[in-house]
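Asks: Mind folding the following:
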Amino acid sequence: MKTIIHRGSSRGHADYGWLNTRYTFSFAGYHDPSRVHFGALRVFNDDTISGGGGFDRHPHDNMEITTIVLEGSLEHKDSMGHIQQIKANEVQVMTAGSGIFHSEYNADAEIPLKLFQIWVFPSAKNLKPRYDQRAFDPAGRKDQWQRLVSPDEKGALMLNQNTWFSRISLSAQKNTTYTLHDASHGVYVFLIEGTADVASARLETRDGMGISEIPEIGLNAVSNSEILVIEVPMQW
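Replies: Numbers count the residues shown, from 1 in each chain. Just a heads-up that it's a prediction; the model follows:
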């Protein structure tokens with residue numbers, strides 16, 4: 001088993017006034033050659049966007065982009081013609097593929113917006129751009145895995161990569177196991193909230209841990225814990 005731990009306090013940080021963000025991997029003005037990606041997982045940004053703030057229209061290409069809204073409401077507009085709002089407990093996916101433009105704003109003038117934006121390298125270049133979003137009932141992840149993203153599973157949002165995003169609200173003193181779909185893959189475990197023992201390491205709120213070369217991992221919640229697990233190919 002190989003592991004790497006990224007403590008929440010060790011992440012890159014930028015505060016632009018309207019945006020306060022933490023970077024798990026190198027991004028924008030933050031660069032750490034030891035933190036460029038974990039397998040096909042390239043970006044994991046933990047964003048807080050102030051009321052009315054946001055990203056003006058900008059381009060993306062050849063990336064699979066997932067946005068998980070934790071609090072507030074995100075207003076999205078793109079060159080494919082989508083004008084959408086994504087609220088807490090909703091997830092948005094985009095295939096940037098051959099190229100898209102989009103803007104992202106906090107839809108509320110007063111309440112901060114909190115979200116994760118996660119990028120995964122695609123399985124192929126210059127794919128046709130694509131958009132989707134879905135709401136996920138929090139009750140569906142109470143002490144059980146709730147699949148958010150998959151390459152092929154019914155009920156999950158699809159990305160063009162052999163990647164699975166799974167979320168669980170694990171009660172204190174409860175334990176569970178995550179079994180990988182392919183033994184050559186790795187998983188990135190992120191503690192949204194709480195304290196949990198993961199593969200023999202203790203993780204606290206906003207800690208992340210990459211694990212590979214093991215077919216399954218055990219997780220035990222020390223306190224009530226909200227956990228996100230991202231399974232990705234280590235080679236693609």
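
Asks: Map the structural domains onto the sequence of the chain.
Replies: 12-135, 138-233 (automatic domain parsing).

Asks: tell me how far the ends of the longest one are from each other?
Replies: Which is domain 12-135. Terminal residues of domain 12-135 lie 30 Å apart, using CA to CA, to the nearest Å.

Asks: could you give the mean pLDDT of it?
Replies: Mean pLDDT, domain 12-135: 97.

Asks: Off-centre distance for it?
Replies: Computed by CA atoms, centre = their mean, to the nearest Å, the chain-centroid distance of domain 12-135 equals 9 Å.

Asks: What of the last one?
Replies: Here domain 138-233 shows a centroid-to-chain-centroid distance of 11 Å under the convention CA atoms, centre = their mean.

Asks: mind checking the end-to-end distance for that domain?
Replies: 27 Å.

Asks: Is it correct that M63 is in contact with P122?
Replies: Yes - at 6.6 Å, M63 counts as touching P122 under the criterion of CB atoms under 8 Å. No exception for glycine: its C-beta is placed from N, CA and C like everyone else's.

Asks: Show me which of these two is the more surrounded one.
Replies: Taking other CB atoms under 10 Å, M63 and P122 do not tie; P122 has more neighbours (21 against 16).

Asks: Do I have it right that E216 meets D182?
Replies: No - using CB under 8 Å, E216 makes no contact with D182, being 11.9 Å away.

Asks: what's near enough to touch the most centrally placed residue in the chain?
Replies: Nearest residue to the geometric centre of the chain (CA atoms, centre = their mean): I118, 4.2 Å. By CB atoms under 8 Å, 6 or more residues apart in numbering, I118 lies in contact with L41, V43, F44, N45, I65, T66, T67, I68, F165, I230.

Asks: now swap in Y178 and tell me
Replies: Y178 neighbours (CB under 8 Å, 6+ apart): W145, S166, V187, E216, I217, L219, V229, E231.

Asks: want to try CSV for the residues you listed, with neighbour count, pLDDT and distance to G210 as columns?
Replies: Compiled in CSV, the contacts of Y178 are given as follows (neighbours: other CB atoms under 10 Å; pLDDT from 0 to 100; distance: CB to CB, whole Å):
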residue, neighbour count, pLDDT, distance to G210
W145, 18, 98, 19
S166, 20, 98, 15
V187, 24, 98, 7
E216, 12, 97, 15
I217, 20, 98, 11
L219, 21, 98, 15
V229, 22, 98, 11
E231, 25, 98, 11
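
Asks: quick one: which of these sit in strands?
Replies: Of the positions in the contacts of Y178, S166, V187, E216, I217, L219, V229, E231 sit in strands, assigned by DSSP state E.

Asks: Can you check the pLDDT for the spatially closest residue to the last one that is not a sequence neighbour?
Replies: Residue nearest to E231 in three dimensions, not counting chain neighbours: W164, with 4.5 Å by CB to CB, 6 or more residues apart in numbering. Looking at W164, its pLDDT reads 98.

Asks: ok, W164 touching Q146?
Replies: No - using CB under 8 Å, W164 is not in contact with Q146, being 11.3 Å away.

Asks: would you turn the domains of the chain into TSV with distance to T3?
Replies: TSV is the format used below for the domains of the chain (distance: least, CB to CB, whole Å):
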stretch	distance to T3
domain 12-135	11
domain 138-233	5
